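Undergrad: My questions are about this predicted structure, shown below with the sequence.
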Amino acid sequence: MAVKTIANAQVQVTDDGYLEDMNQWNEDIAKEIAKELGIELTDKHFEVINYLREKTKAGEGLTIRKVGKSGVVDIKELYKLFPKGPLKFSSKIAGIPKPTSCI
């Protein structure tokens with residue numbers, strides 16, 4: 001576990017860069033993580049991010065298929081919003097733990 005400054009906030013992150021405590025997350029942190037990943041966040045990105053955070057708080061496991069069937073986005077749109085790792089990158093930006101389905 002390491003401490004990293006993101007959007008002027010000291011947060012604890014894993015070796016992979018995921019927040020250790022999802023309660024340290026805010027939208028400014030999300031925007032800075034997204035910028036590091038080459039993603040400019042839109043309202044649609046935040047719809048996905050908020051969905052992921054809600055499901056994680058409820059203790060539900062996340063998969064690309066589950067997100068695609070959420071009604072928030074379909075799988076194709078999820079890949080378009082978060083290219084090169086839709087669930088991996090969206091989870092990192094959302095400040096939630098890395099899903100077990102991600103390598």
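TA: Received the coordinates, thanks.
Undergrad: what about the helix ranked longest in the chain, distance to the chain center?
TA: In the chain, assigned by DSSP state H, the helix with the most residues is helix 43-57. Centroid separation between helix 43-57 and its chain, computed with Cα atoms, centre = their mean, to the nearest Å, is 8 Å.
Undergrad: Neighbours of Lys76, how many?
TA: Neighbour count of Lys76, defined by other Cβ atoms under 10 Å: 10. To be clear about C-beta, it is placed using only N, CA and C from the backbone, and glycine gets the same treatment.
Undergrad: Mind jotting down where the strands sit in this structure?
TA: With strands called from DSSP state E, the chain shows them at 2-6, 9-13.
Undergrad: now for these, which one comes closest to Glu36?
TA: strand 2-6 (8.7 Å; Cβ to Cβ).
Undergrad: Other residues contacting the closest one?
TA: Gln10, Val11, Gln12, Val13, Thr14, Asp15, Gly17, Ile29, Glu32, Ile33 (Cβ atoms under 8 Å, 6 or more residues apart in numbering).
Undergrad: Please identify, among those residues, the one with the most neighbours.
TA: Result: Ile33 is most packed of those (other Cβ under 10 Å), 25 neighbours.
Undergrad: ok, now which ones touch it?
TA: Contacts of Ile33 (Cβ under 8 Å, 6+ apart): Ile6, Gly17, Lys92, Ile93, Gly95.
Undergrad: Who's the closest spatial neighbour of the second one, skipping the chain neighbours?
TA: Translated: Gly17. Leaving aside its chain neighbours, Gly17 sits nearest to Lys92 (6.3 Å; criterion: Cβ to Cβ, 6 or more residues apart in numbering).
Undergrad: Tell me, how many residues neighbour that neighbour?
TA: Using other Cβ under 10 Å, Lys92 has 25 neighbouring residues.
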